[in-house]
Structures are given as C-alpha cells and as structure tokens.
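Asker: No sequence on hand, only this structure:
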C-alpha cells in the first residue's frame, strides 16, 4: 500500500481581502428638441427600452416640459449602447457620470 503524499498549503495573507469595487455608473439623458413629435418620442422609448405606454409617456412629458429626462442609470457600456440606440431614432441623447 503506497504512503500518503502531503500537498503544500497555499499561503494566505490575513487582512488582504480586496474590497469589491463597483463599476462607475452613468446616466442616459434624453434632451428636448424642436424636431421630434411627442408620440414619436413615446414610441421610441417603448421600442428601445421595452417600456409600457404609461412609463414611456411619463419620460416623454419630462423631456417636453423640463427639457430633459434621465431615462437610464447603468454601466458605461450599457449607457453608451442605449445612447447610440436612441440616436439611431434621431433623438438627442447623451451620457454623463452619475452623481
């Protein structure tokens, strides 16, 4: 019967647990413009975000009445993707670091 083999134990530093780092968040902002009609903006929000009519209309009215609406808060890559999707529909959209 063969003898047992001892494997070396890995060295573990106490107190060196890395703190989880959160990826910075960005907001997607849709700005008011004089070109796109309100029903069209509502339709675009429904298409791009999959929102129901009520939520899409609420954000559309915010754009119309306040000049802008923050429609998403997410990672840089996702925010950039949504900005490009909105711009394909000729909406004026930008992204900014979340405050």
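Answerer: Structure received. For clarity, every value in this text was computed on a predicted model and none was experimentally measured. Residues are numbered from 1 along each chain as shown.
Asker: Let me know the helix or strand that residue 26 is in.
Answerer: strand 25-31 (DSSP states H and E).
Asker: And the pLDDT for the nearest residue to residue 48 once chain neighbours are set aside?
Answerer: Of all residues beyond its chain neighbours, the one nearest residue 48 is residue 85 (4.9 Å), with distances taken as C-beta to C-beta, 6 or more residues apart in numbering. Using the backbone N, CA and C atoms, a C-beta is placed for each residue, glycine as well. Residue 85 is assigned 98 on the pLDDT scale.
Asker: And for the one 10 residues further on?
Answerer: Reported pLDDT at residue 95 in the predicted model: 96.
Asker: Can you give me the distance of it to residue 53?
Answerer: With distances taken as C-beta to C-beta, to the nearest Å, residue 95 is found 25 Å from residue 53.
Asker: Of these two, which one has the most company?
Answerer: residue 95 (19 against 11; other C-beta atoms under 10 Å).
Asker: Run a quick neighbour tally on the residue nearest to that one when sequence neighbours are not counted.
Answerer: On the basis of C-beta to C-beta, 6+ apart, the spatially nearest residue to residue 95 that is not a chain neighbour turns out to be residue 79, at 4.4 Å. Here the number of neighbours of residue 79 (other C-beta under 10 Å) works out to 24.
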